[in-house]
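Novice: Here's a sequence, model it:
(one chain, ligands or ions: 1)
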Amino acid sequence: MQTQTAYTPAEERRMERKLEEILNSSYQPLDESGRQLIRKAFETAKEAHARQRRKSGEPFIFHPLEVAHIVAEQIGLDATSIAAALLHDTIEDTDITAGYIRREFGEKITQIVEGLTKIKKLPKDKDFSIQAENFRKLILTLNEDVRVILIKIADRLHNMRTMDSMPRHKQEKIASETLYIYAPLAHRMGLYQIKTELEDLSLKYIDPEAYDEIVRKLKETEEDRRRYIEKFAGLVDARLKELGISYTITGRPKSIFSIYRKMKEKKVDFEDIYDIFAIRIIYKPPEPRKEKMLAWDILSTLTDQFKYNPNRMRNWLDWPRSTGYQALHITVLGPDDKWVEVQIRSERMNEIAEKGYAAHYKYKQGSDEAEELGVEKWLSQLQEILKNPEGNALDFLDEIRLDLYSDEIHVLTPKGDVVSLPKGATVLDFAFHIHTEVGMHTRAAEVNGRIVPLNYVLNSGDLVHIITSPQQKPRQSWLNIATTGRARNKIKAYLRQQEKEIIQEGKEILRRKLRHLKLKTDDKIIGQLQKYFKLPTSKDLFYKVGTGEIGNKELKAFVNAKNNFFLKFFQSPWKRKKEPEKKKVAPAPVEEVNYDLIVFGQEDQRLDYTLANCCNPLPGDEIFGFVTVNEGIKVHKKTCPNAIFLRSRHAHRIIPARWTDSTKQTFKVKLKITGADRPGIVADITRLVSLDMGYRLVRVEFDDKSGFFEGTIIVDLQNTAQLKELMLRIKEIEGVEKIEKI
Ligand code: MN
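Specialist: Residues are numbered from 1 along each chain as shown. Just a heads-up that it's a prediction; the model follows:
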């Protein structure tokens with residue numbers, strides 16, 4: 001099978017050395033079969049890529065070798081993953097097939113390599129939304145194996161390290177994608193070192209000048225920092241020795257990228273960033289069970305010795321981050337009166353801080369805690385969101401990215417379970433975290449025994465009890481309250497569904513209402529309505545009818561405008577101004593009660609209806625109308641057993657209704673208006689009557705007599721209260737001097 005080699009002897013030697021390095025530096029101990037597997041994967045990849053070289057002229061095989069090295073040492077994955085990393089570009093770029101890998105390496109490795117191949121096949125594009133879609137697909141591969149994404153991160157890291165021979169525009173594109181997608185992912189997986197390197201490398205290509213400048217200044221100040229840390233170590237050494245531990249003190253400057261970000265955000269210079277580095281005390285507990293106690297002991301030697309800022313103390317010891325990160329952080333006033341953050345970690349904690357996922361598992365092995373790592377919970381939630389096929393990729397990306405980068409808080413359920421949420425999370429987020437059904441019906445919450453509203457922002461340690469109500473339903477405003485991707489996605493999905501239903505009903509309602517206005521529902525009238533109400537689509541129209549925002553009053557105004565001689569004065573007068581405050585209008589006193597008609601809504605509309613069979617309302621009964629999807633309006637008694645259910649579940653389909661006497665229904669009023677003439681006054685009056693107040697104008701006549709006008713209008717009204725209000729408001733119009741009923 002061995003064909004003639006395409007590599008020089010020097011290259012052969014180099015790759016052998018590299019392979020040895022991988023095997024020796026593997027974070028997870030490799031047994032003989034693991035080593036053999038890796039070697040076999042290497043031989044396969046080496047031959048498959050034999051004729052390929054990178055832009056720099058280097059044989060391609062060094063790329064999978066380097067990726068495998070990152071996977072083995074920095075990420076710390078197992079032999080299976082290292083082998084998969086070696087093979088990761090074979091299906092895509094060489095003659096090797098998935099079938100071949102399956103035969104030679106088995107199902108697991110094939111799945112991982114195929115997962116990686118799928119990501120690679122995504123269209124490469126400048127379009128941002130496609131990037132977002134890529135990200136979505138990337139996350140989708142998590143369904144198969146978390147290792148896919150970890151190897152993908154390693155692949156990206158190596159590509160970022162070797163971009164020098166690439167054209168500038170490509171560098172920028174890859175760098176921005178890395179910053180946007182891969183760095184946050186690495187962060188979420190607990191790979192802090194890799195995340196930092198990805199960010200720094202991205203900056204190098206996106207803003208090379210700023211990058212160089214920060215690198216230079218860090219170098220210039222390096223000696224100062226070293227001396228400072230020495231000074232600090234000198235001050236604490238004696239006391240730490242008293243604790244009988246071995247420890248090291250190191251100083252870690254902030255990453256180039258985070259310095260850059262801080263300079264941009266705070267608009268300050270490099271010199272003005274006070275917390276450019278943190279001091280780390282990494283200790284080795286003599287025995288595992290003393291680990292935690294020693295962290296507190298170290299902390300108290302520091303607080304004995306230095307002033308400290310209690311607001312900046314972080315206890316990640318008892319409340320690990322979902323990546324498994326543990327440490328105590330405290331900011332003290334150190335030598336030279338300088339505030340400096342000190343991070344206290346055991347060696348184990350430090351390993352987890354640097355390796356994340358893999359280290360967490362190394363230490364979990366053999367312990368019987370079967371507790372799920374926060375990352376895994378996060379992943380399974382993510383997958384749940386992904387299963388929802390609706391929504392566009394950009395939305396999705398924004399939601400997830402927020403979750404990726406945010407800090408965490410820990411709150412407690414009434415049972416004492418700890419729930420991790422991103423910082424800034426509200427009780428509504430908490431509710432959706434507990435269960436979708438709980439979220440959907442959240443009415444309020446009790447936090448530490450006190451009732452709080454839905455938008456209450458939670459703090460670590462809060463004890464949260466959610467109060468639900470079956471009547472409660474998600475609404476648009478919840479999107480201003482929910483901050484987590486999970487909650488927002490659920491709410492959006494619900495609202496979309498709701499909107500569809502409202503549109504469907506609105507269509508039916510509109511058809512019925514137009515029929516009463518003696519109009520046929522066809523494309524022409526829909527088009528006119530859209531134009532009149534300035535709505536982009538017919539769906540918007542149906543929606544507004546469905547919610548009642550466009551009701552009888554508005555539709556009547558439309559009809560009037562359509563029929564009215566004065567149409568030209570107000571071609572598009574419909575504005576979404578505040579409706580004049582509706583005064584509760586008492587029905588006109590009726591002397592003789594003769595209930596023979598049911599009227600609907602605030603304006604006593606006459607509509608088609610049928611009486612519901614379940615309760616058979618009789619004349620004079622207290623009633624309400626229910627808009628069915630297919631059978632028009634059904635009238636129920638208010639005491640109907642179905643009423644409570646209908647009202648709670650379908651509030652927007654309920655229309656008020658009452659029995660009335662048909663002979664007392666409406667009356668026509670003739671009004672005489674006089675005043676000083678001015679351009680537009682007639683339009684103002686008709687607009688007020690028919691558009692603002694929504695009454696039917698039966699007739700309009702105006703005369704002008706040199707600067708003076710006299711007119712009569714006939715209006716259809718239902719009671720004297722309406723008449724009174726109408727007359728008052730006409731009188732308010734500029735130029736109107738007198739109005740009287742004739
Ligand atoms: Mn690759």
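
Novice: which helices and strands does the longest helix seen in the chain pack with?
Specialist: Longest helix of the chain, by residue count under DSSP state H: helix 208-242. Secondary-structure packing of helix 208-242 (3 or more C-beta pairs under 8 Å, 6 or more residues apart in numbering; DSSP states H and E): helix 192-206, strand 246-253, helix 256-266, strand 277-284, helix 291-305, strand 328-334, strand 338-346. Glycine gets a C-beta too; all of them are placed from N, C-alpha and C.

Novice: Only alpha carbons, please: show the shortest one as CSV.
Specialist: The C-alpha atoms that make up strand 328-334 are tabulated as CSV, following Å, rounded to 0.1, in the frame of the first residue of the first chain:
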residue,chain,number,x,y,z
LEU,A,328,-11.4,32.9,44.9
HIS,A,329,-10.9,36.4,43.5
ILE,A,330,-10.2,39.4,45.6
THR,A,331,-8.9,42.9,44.8
VAL,A,332,-6.5,44.3,47.4
LEU,A,333,-4.6,47.5,47.8
GLY,A,334,-1.1,46.2,47.2
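
Novice: Would you reformat the helices and strands packed on helix 208-242 as CSV and include mean neighbour count, mean pLDDT and distance to the ion?
Specialist: Listed next are the helices and strands packed on helix 208-242 as CSV, based on neighbours: other C-beta atoms under 10 Å; pLDDT from 0 to 100; distance: least, C-beta to the ion, whole Å:
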stretch, mean neighbour count, mean pLDDT, distance to the ion
helix 192-206, 22, 92, 15
strand 246-253, 16, 90, 30
helix 256-266, 17, 88, 23
strand 277-284, 20, 93, 33
helix 291-305, 16, 92, 39
strand 328-334, 19, 92, 37
strand 338-346, 20, 92, 33
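
Novice: would you list the ones you listed in a markdown table and tack on distance to residue 530?
Specialist: Putting these into a markdown table (distance: least, C-beta to C-beta, whole Å) gives the following:
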| stretch | distance to residue 530 |
| --- | --- |
| helix 192-206 | 46 |
| strand 246-253 | 61 |
| helix 256-266 | 45 |
| strand 277-284 | 61 |
| helix 291-305 | 67 |
| strand 328-334 | 59 |
| strand 338-346 | 60 |
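
Novice: So for stretch 728-738, first residue to last residue, what's the gap.
Specialist: 10 Å (C-alpha to C-alpha, to the nearest Å).

Novice: from the middle of its chain, how far away would that stretch be?
Specialist: 52 Å (C-alpha atoms, centre = their mean, to the nearest Å).

Novice: quick revisit: tell me which of the helices and strands packed on helix 208-242 sits nearest to residue 667.
Specialist: helix 256-266 (68.4 Å; C-beta to C-beta).

Novice: circling back to that earlier point, so which of the helices and strands packed on helix 208-242 is nearest residue 560?
Specialist: Across those, residue 560 has its closest neighbour in helix 256-266 (56.6 Å, C-beta to C-beta).

Novice: what is the orientation angle of that closest one with helix 192-206?
Specialist: Note on geometry: by axes from the mean of the first three to the mean of the last three C-alpha atoms, to 10 degrees, helix 256-266 and helix 192-206 are set 70 degrees apart in direction.

Novice: Residue 598 - how many residues pack around it?
Specialist: When counting by other C-beta atoms under 10 Å, one arrives at 23 neighbours for residue 598.

Novice: list the contacts for it?
Specialist: 609, 623, 625, 635, 657, 658, 659, 660 (C-beta atoms under 8 Å, 6 or more residues apart in numbering).

Novice: swap the cut-off to 7 Å and go again
Specialist: 609, 623, 635, 657, 659 (C-beta atoms under 7 Å, 6 or more residues apart in numbering).

Novice: And for residue 349?
Specialist: By C-beta under 7 Å, 6+ apart, the contact set of residue 349 is 326, 327.

Novice: Could you give me the buried positions within the host helix or strand of it?
Specialist: Assigned by DSSP states H and E, residue 349 belongs to helix 347-355. For helix 347-355, the neighbour count (16 or more other C-beta atoms under 10 Å) marks 348, 349, 350, 351, 352, 353, 354, 355 as buried.

Novice: now, which of those lie close to the ion?
Specialist: When C-beta under 5 Å from the ion is applied, no member of the buried residues of helix 347-355 is adjacent to the ion.

Novice: can those residues go into JSON lines with extra columns for pLDDT?
Specialist: Shown next, in JSON lines, are the buried residues of helix 347-355 (pLDDT from 0 to 100):
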{"residue": "348", "pLDDT": "89"}
{"residue": "349", "pLDDT": "91"}
{"residue": "350", "pLDDT": "91"}
{"residue": "351", "pLDDT": "87"}
{"residue": "352", "pLDDT": "84"}
{"residue": "353", "pLDDT": "85"}
{"residue": "354", "pLDDT": "81"}
{"residue": "355", "pLDDT": "78"}
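
Novice: any idea which of those residues is closest to the ion?
Specialist: The closest of the buried residues of helix 347-355 to the ion turns out to be residue 355 (C-beta to the ion; 21.6 Å).

Novice: what about the closest residue to that closest one other than its chain neighbours, neighbour count?
Specialist: Nearest residue to residue 355, sequence neighbours excluded (C-beta to C-beta, 6 or more residues apart in numbering): residue 76, at 4.8 Å. By other C-beta under 10 Å, the residues close to residue 76 number 24.

Novice: got the contact list for residue 76?
Specialist: Going by C-beta under 7 Å, 6+ apart, residue 76 touches 27, 28, 355, 358, 359.

Novice: now it: how far from residue 34?
Specialist: Distance, residue 76 to residue 34, using C-beta to C-beta, to the nearest Å: 14 Å.
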